[in-house]
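> Predicted structure and sequence below. I'll ask about it afterward.
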Amino acid sequence: MNQFHILTRSLSILYLLTINGIFISVFSANNDINKSAYSYTESMVDFPNPERGFYRYSIAISDNYITLTPEELRSFREENVVPGADYGVISTLVFRYFVMSCFIGEELSQAYLDSIRVDFKAARLGGVKLIPRFVYTTTANRGDCGSWICPPYGDAPKEIVLRHIEQLKPFFQEYSDVIAVLQKGFIGTWGEQYYTDYFGDASTYNGQGKLYNKNWSDRNVVLTALLDALPESRMIQVRYPQQKQRFLFGYEAPTNSPALDESEAYSGSNASRIGLYNDCFLSSYSDVGTYSDYGNDLTELRIDTTNLKPYLAKDSKYTVTGGETCRDNWSPFNKCDGRAVHEFERMHFSYLNAHYNNTAVNNHWVSGGCMDEIKRRLGYRFVLRNAQFDNSVIAGEFLNLSMEIDNVGFAAPFNPRSVELLMRSVDDGTVYSFQLMADPRFWFAGTHQIQERLLIPDDMPSGSYEILLSLPDPAEPLKNNPDFSIRLANENLWEAETGFNKLYHLCHVN
């Protein structure tokens, strides 16, 4: 049973409402008896939220394709200890390698495409989203070249790549709701755009040691095809910041080319749709070539952290960044008492591989004491601090509301997201939804004030209504599925069966 403790403070009446042991303060706002204001308690619990956090790894090889199942994917939403890790993770993201080794010289088969469809459907039913990367090889050929990896590397020529993207386009369009972000892939071993037989081998031991204008042209053609294949609402990640610069500004674009700014963010332009996957995060000062200038016809390959790190720090505020750690060479800077959390913040990381590299880097965050913070803060984490609502409203007139929300995560959401105020009838449970103007993609780290006036329908029945906040996925297949709604990081607000956040205010409609 709820308990009320009434105190008098100046001219305002303060209630300490105890709900399941959690105190929520309630007081008349600005001495206005028609307004109530609330403050809410932050939760420090890790819980599943869409499109953020540690992802689970999976791989589908074309000649032995094992499809995903909804049951397996749903199990990732509960805390699981990852093999080789000293920690457990709750995951709503699943990285999926699609290895097309059987199709290097031919079209994708219908059987292969059917298997991909099974995976996408399983994601919908399993309550997760996929991070797909389509590649032709994940094997480092040893050979006798004297290096740890030797050509031929095993990827496909541009004509085949473009044909495969054309075949995959209908799937990208139909199942974009469960594609969190598409990684560029296709080029090179592991799809990392480096060790490639057809797009310019920039390696210094066996390759040409840089990229030429023709290589940039071919790579840009592939990126153009992928941007066209995905709906405008979805982003594509490239492996190196300079790939975005050379795509947008030409083959001779300098490393100090301008980053995306807020005026163009989420506009649907190419610049607003290209993010980054860093597969050697916190592994060296340059993250093993992530922050490199790969040259052109006139210049040579060189590391340039001076320009490329600040570039990504600015650009990633409005695009999606994620990846994995790969080695411990940058110790102690990649430790809790080094730069780890700072780099997550600076580069606005939304997700990280839960599996790699556990033994070299990730496990150290457990022993160092910052793993719990990293798990909570990857991506967004919204804390409702306080809110104020009218106590009553006349049908056909405006309901006033204000809320203060803190994003204590490393990044904002990167895909479209609805914000709805709900009024649920105490009498019969009917829910009335009001779309707010707020866009959570602009709820960057820090505090955000929301003030709106909502027009109550003329025919809304008289009675008392619960006030709730909902942040559903706007995609039609997912919008009524609570697995894909955002949960606020507050105590006792989440309604798991509906995906609504209860605000514990009753408003009477006259």
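Now that the structure is in, tell me what you want to look at. Residues are numbered from 1 along each chain as shown.
> can you give me the helices for this structure?
Counting by DSSP state H, the chain has helices at residues 70-75, 110-126, 158-174, 213-229, 241-249, 305-315, 340-346, 363-368, 371-377.
> Surely residue 40 and residue 382 touch.
No: with contact defined as C-beta atoms under 8 Å, residue 40 does not reach residue 382; the gap is 11.3 Å. For the C-beta atoms, the positions are set from N, CA and C on the backbone; glycine is no exception.
> For the closest residue to residue 55 other than its chain neighbours, report the pLDDT, please.
Of all residues not flanking residue 55 in the chain, residue 93 sits nearest, at 3.8 Å (C-beta to C-beta, 6 or more residues apart in numbering). Looking at residue 93, its pLDDT is 99.
> now residue 5
With respect to pLDDT, residue 5 scores 27.
> Residue 144 now?
The model's pLDDT for residue 144 equals 88.
> and it, how many neighbours?
Residue 144 is flanked by 6 other residues according to other C-beta atoms under 10 Å.
> What degree of burial does the residue lying closest to it once chain neighbours are set aside show, as a neighbour count?
Distance criterion C-beta to C-beta, 6+ apart; nearest residue to residue 144, sequence neighbours excluded, is residue 150 at 7.2 Å. By the criterion of other C-beta under 10 Å, residue 150 has 16 neighbours.
> Contact partners for residue 150?
Neighbouring residues of residue 150 by C-beta atoms under 8 Å, 6 or more residues apart in numbering: 141, 142, 143, 144, 206.
> Please indicate which of those are buried?
141, 206 (16 or more other C-beta atoms under 10 Å).
> out of the contacts of residue 150, who's nearest residue 510?
Comparing the contacts of residue 150 against residue 510 with C-beta to C-beta places residue 141 closest, at 75.4 Å.
> count of residues packed around residue 425?
When neighbours are counted by other C-beta under 10 Å, residue 425 registers 16.
> what's the distance between it and residue 270?
Distance of residue 425 to residue 270, given as C-beta to C-beta, to the nearest Å: 46 Å.
> Then residue 148?
Distance of residue 148 to residue 270, given as C-beta to C-beta: 35 Å.
> which of the two has more neighbours?
Between residue 148 and residue 270, residue 270 has the larger neighbour count (other C-beta under 10 Å), namely 14 against 10.
> The more buried one: what's it in contact with?
227, 247, 248.
> Which one (most neighbours) among the residues you listed?
Tallying neighbours with other C-beta under 10 Å puts residue 247 at the head of the contacts of residue 270, with 20 neighbours.
> Tell me if I'm right that that residue and residue 223 touch.
Yes: shown here, residue 247 and residue 223 form a contact pair, counting by C-beta under 8 Å, at 5.6 Å.
> anything in contact with each of the two?
With C-beta under 8 Å, 6+ apart as the test, residue 247 and residue 223 both reach 238, 274.
> Find the nearest non-adjacent residue to residue 457, please.
Spatially, and ignoring its direct neighbours in sequence, residue 457 is nearest to residue 395 (6.6 Å; C-beta to C-beta, 6+ apart).
> Surely the one you found touches residue 458?
Yes: counting by C-beta under 8 Å, residue 395 touches residue 458, with 5.6 Å between them.
> Neighbour count: those two, which is higher?
Neighbour tally, residue 395 and residue 458, criterion other C-beta under 10 Å: the higher count belongs to residue 395, 14 against 9.
> what separates the more buried one from residue 463, distance-wise?
10 Å.
> Can you pull the residues that touch both of those two?
With C-beta under 8 Å, 6+ apart, residue 395 and residue 463 have common neighbours residue 509.
> Provide a list of residues in contact with the residue nearest to residue 457.
456, 457, 458, 459, 460, 462, 509, 510.
> Likewise for residue 77?
Counting by C-beta under 8 Å, 6+ apart, residue 77 makes contact with 48, 90, 91, 92, 126, 127, 128, 483.
> my read: residue 460 touches residue 509, true?
Yes: with contacts counted by C-beta under 8 Å, residue 460 reaches residue 509, the gap being 5.5 Å.
> buried sites along stretch 285-297?
Buried residues in stretch 285-297 (16+ other C-beta under 10 Å): 286, 287, 288, 289, 290, 291, 292, 293, 294, 295, 296.
> okay, now the domains of the protein?
The chain breaks down into these domains under automatic domain parsing: 53-278+306-377, 382-509.
> CSV for the helices of the chain, including mean pLDDT?
Shown next, in CSV, are those (pLDDT from 0 to 100):
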stretch, mean pLDDT
helix 70-75, 98
helix 110-126, 98
helix 158-174, 98
helix 213-229, 98
helix 241-249, 98
helix 305-315, 98
helix 340-346, 98
helix 363-368, 97
helix 371-377, 98
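> Kindly reformat those helices as CSV containing distance to residue 325.
Below are the helices of the chain laid out as CSV (distance: least, C-beta to C-beta, whole Å):
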stretch, distance to residue 325
helix 70-75, 24
helix 110-126, 25
helix 158-174, 28
helix 213-229, 25
helix 241-249, 18
helix 305-315, 16
helix 340-346, 9
helix 363-368, 10
helix 371-377, 11
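> Out of those, the one nearest residue 137 is which?
Nearest to residue 137, of the helices of the chain and by C-beta to C-beta, is helix 158-174 at 13.0 Å.
> What is the neighbour count of residue 269?
By the measure other C-beta under 10 Å, the count of residues near residue 269 is 13.
> Verify the contact between residue 67 and residue 118 for me.
Yes: in this structure, residue 67 is within contact of residue 118 by C-beta under 8 Å, at 4.3 Å.
> Okay, and the beta partners of residue 95?
residue 57, residue 131 (DSSP bridges).
> so what's it up against?
Residue 95 makes contact with 55, 56, 57, 58, 130, 131, 133, 353, according to C-beta under 8 Å, 6+ apart.
> which of those lies closest to residue 505?
Among the contacts of residue 95, and counting by C-beta to C-beta, the member closest to residue 505 is residue 55, at 36.3 Å.
> Quick check, pLDDT for that closest one.
The per-residue pLDDT reported for residue 55 equals 98.
> The one 3 residues further on too?
Predicted confidence (pLDDT) for residue 58: 98.
> Begin at 34, not 1, for the rest of this chat.
In the new count, where the first residue is 34, that last one comes out as residue 91.
> what's the closest non-adjacent residue to it?
Leaving out its chain neighbours, the residue that sits closest to residue 91 by C-beta to C-beta, 6+ apart is residue 129, at 5.3 Å.
> ditto for residue 78
Computed as C-beta to C-beta, 6+ apart, the closest residue to residue 78 that is not its neighbour in sequence is residue 522, at 7.9 Å.
> likewise residue 114?
The shortest distance from residue 114 to any non-neighbouring residue, by C-beta to C-beta, 6+ apart, is to residue 121 (4.5 Å).
> That neighbour contacts residue 109, doesn't it?
No: Residue 121 is not in contact with residue 109 according to C-beta under 8 Å; the separation is 11.0 Å.
> Mind checking which of those two has more residues around it?
The neighbour count for residue 121 versus residue 109, taken as other C-beta under 10 Å, is higher for residue 109 (23 against 14).
> Contact partners for that one?
By C-beta under 8 Å, 6+ apart, the residues touching residue 109 are 89, 123, 124, 125, 127, 159, 161.
> now with 6 Å?
Residues near residue 109 by C-beta atoms under 6 Å, 6 or more residues apart in numbering: 89, 124.
> What of the one 10 residues further on?
Shown in contact with residue 119 (C-beta under 6 Å, 6+ apart): 396, 399.
> again, 8 Å this time
The neighbourhood of residue 119, defined by C-beta under 8 Å, 6+ apart, consists of 391, 396, 399, 400.
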